[in-house]
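[1] have a look at this prediction, sequence included:
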Amino acid sequence: MTKRRAINSFAQSRAAAIAGLVAIGAFCGIQRAQAASTVQPAPEPSSRSVWDGVYTARQIQRGSAVYARDCATCHGPTMNGGEAPPLAGADFLAEWYGYSAGDLFERIRGTMPQTGPGSLSAQEYVDVLAHILNVNKFPAGETEMEGLREPLKRIRVEAAKPSRKGPN
Ligand code: HEC
């Protein structure tokens, strides 16, 4: 064997080895994908948190009008409380961390305004919820929050921005 042929055949066998590895890798990948799809359905289309811009600026305009009309007399003009507990600030949030926007929505719709629970439209309730989230300093976004149970349940009320956990 000349020197040149030796190099060639070395290159060829290396190429073959790599091709083999790639094929084995692809095969394993397929096996794994199949296993995963037969074991469990994909997790719920991933939930979001109140940090993800879950309501719009327009919505808080409407919501603040609802608030002024139906909530402010008891909860205070700035949600700082009065004859009713505050709806903004650390104490209020501490009660709701770990729950969903849907839980808060149901709580409000089921019991508020105290003088007429359930008397507002779903749209008014979700708008006032957007206003509450806004006063609690969660950011607005591009998509309106819908007054529907299921999508609202997938929005978590979270203490800290997920990417910024740690001492503050
Ligand atoms: C007539 C007075 C009154 C009005 C009007 C009123 N609330 Fe309340 N609200 C209360 C009182 C009193 C409580 C505490 C007792 C209770 O939980 O039922 C409360 C509790 C709450 C809570 C629970 C607070 C917590 O710490 O978890 C929320 C949220 C709330 N109200 C939202 C609203 C919203 C939104 C409106 C307007 C649509 C509204 N309330 C209108 C009197 C009122």
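    Received it, and whenever you're ready, just let me know what you need.
[2] near the ligand, which residues of the chain?
    70-71, 73-75, 84-85, 87, 92, 95, 107-108, 111-115, 128 (Cβ under 6 Å from any ligand atom). Using the backbone N, CA and C atoms, a C-beta is placed for each residue, glycine as well.
[3] wouldn't residue 100 be in contact with residue 153 here?
    Yes: Residue 100 lies in contact with residue 153 (Cβ atoms under 8 Å); the separation is 4.8 Å.
[4] can you check which residues contact both of those two?
    The overlap between the contact sets of residue 100 and residue 153 (Cβ atoms under 8 Å, 6 or more residues apart in numbering) is empty.
[5] can you report phi and psi for residue 100?
    Backbone torsions of residue 100, given as degrees, to the nearest 10, read phi -110, psi 170.
[6] so who does it touch?
    So residue 100 contacts 152, 153, 154, 155, 156, 157 (Cβ under 8 Å, 6+ apart).
[7] can you rerun that using 7 Å?
    Contacts for residue 100 (Cβ atoms under 7 Å, 6 or more residues apart in numbering) come out as 152, 153, 155, 156, 157.
[8] count the residues that sit near the first one.
    So that's residue 152. By the criterion of other Cβ atoms under 10 Å, residue 152 has 20 neighbours.
[9] with adjacent residues omitted, what lies nearest to it?
    Distances taken as Cβ to Cβ, 6 or more residues apart in numbering put residue 102 closest to residue 152, at 3.6 Å, once the chain neighbours are dropped.
[10] so who does that neighbour touch?
    149, 152, 153.
[11] restricted to helices, list those.
    Those of the contacts of residue 102 mapping onto helices are 149, 152, 153, per DSSP state H.
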